[in-house]
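Participant: Next one to model:
(one chain, ligands or ions: 1)
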Amino acid sequence: MSECIFCKIAAGEIPAERIYEDDLVVGFRDLSPQAPTHVLLIPRRHIATLNDLQPQDEALVGHLYTAAAKVAADEGLAERGYRTLINCNEDGGQTVFHLHLHLLGGRRMRWPPG
Ligand code: AMP
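Facilitator: Just a heads-up that it's a prediction; the model follows:
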């Protein structure tokens, strides 16, 4: 997707503070952090929303979560805890239409989320 901002970050075409990458996934700090640690983990391949996942993407989604757990450990969050979430479409609060897993930590999370 040539106009997708997260595809451009994955390709290194626009800057981001990248803190994790492997063959399938890139992790970078959110531009507008909502917690002391706020990282986005994205698949390199463009998938617009959670609704667009196919059965063959199940391993990729699992990989996003194991990457998030690695980043959480690297950021020193594992023991105290953290939150991961994926927003989907308008009611879910999605603003960038390239699937991304938010990893938030470093403060006590509230429930229910707003
Ligand atoms: P969502 O609302 O779930 O779609 O989340 C999109 C997230 O992307 C927001 O938290 C934004 O702050 C973040 N964001 C948007 N553009 C960038 C960017 N260029 N670099 C890093 N984070 C971004």
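Participant: Going by C-alpha atoms from here, please, whenever you check contacts or count neighbours.
Facilitator: Fine.
Participant: Listing request: residues of the protein with sub-threshold pLDDT.
Facilitator: Applying pLDDT under 70 to the chain picks out residues 1.
Participant: Show me what the lengthiest helix in the chain is packed up against.
Facilitator: In the chain, taking DSSP state H as the definition, the longest helix is helix 58-74. Taking 3 or more Cα pairs under 8 Å, 6 or more residues apart in numbering; DSSP states H and E as contact, the helices and strands that helix 58-74 lies on are strand 18-21, strand 25-29, strand 37-43, strand 101-105.
Participant: Highest mean neighbour count out of these?
Facilitator: Of all the helices and strands packed on helix 58-74, strand 37-43 carries the top mean neighbour count, a mean of 24, counting by mean count of other Cα atoms under 10 Å.
Participant: Okay, now the sheet partners of it, with direction.
Facilitator: Partner strands and pairing direction for strand 37-43 (DSSP bridges) are strand 25-29 (antiparallel), strand 101-105 (antiparallel).
Participant: And the ligand, is it touching that?
Facilitator: No: between strand 37-43 and the ligand, judged by Cα under 6 Å from any ligand atom, nothing touches; the nearest distance is 7.2 Å.
Participant: Can you show me the CA trace of that strand as PDB?
Facilitator: Extracted in PDB, the C-alpha atoms of strand 37-43 (Å, rounded to 0.1, in the frame of the first residue of the first chain):
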ATOM      1  CA  THR A  37       6.200   3.100  27.300                       C
ATOM      2  CA  HIS A  38       3.900   3.100  24.200                       C
ATOM      3  CA  VAL A  39       5.100   0.900  21.400                       C
ATOM      4  CA  LEU A  40       3.300  -0.200  18.200                       C
ATOM      5  CA  LEU A  41       4.000  -3.600  16.700                       C
ATOM      6  CA  ILE A  42       3.000  -4.000  13.000                       C
ATOM      7  CA  PRO A  43       3.300  -6.800  10.500                       C
END
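Participant: now that strand against helix 58-74, angle please.
Facilitator: Relative orientation of strand 37-43 versus helix 58-74 (axes from the mean of the first three to the mean of the last three Cα atoms, to 10 degrees): 160 degrees.
Participant: Residues touching strand 37-43, excluding its own?
Facilitator: Strand 37-43 is contacted from outside by 6, 24-30, 60, 64, 67-68, 75, 98-106, using Cα atoms under 8 Å, 6 or more residues apart in numbering.
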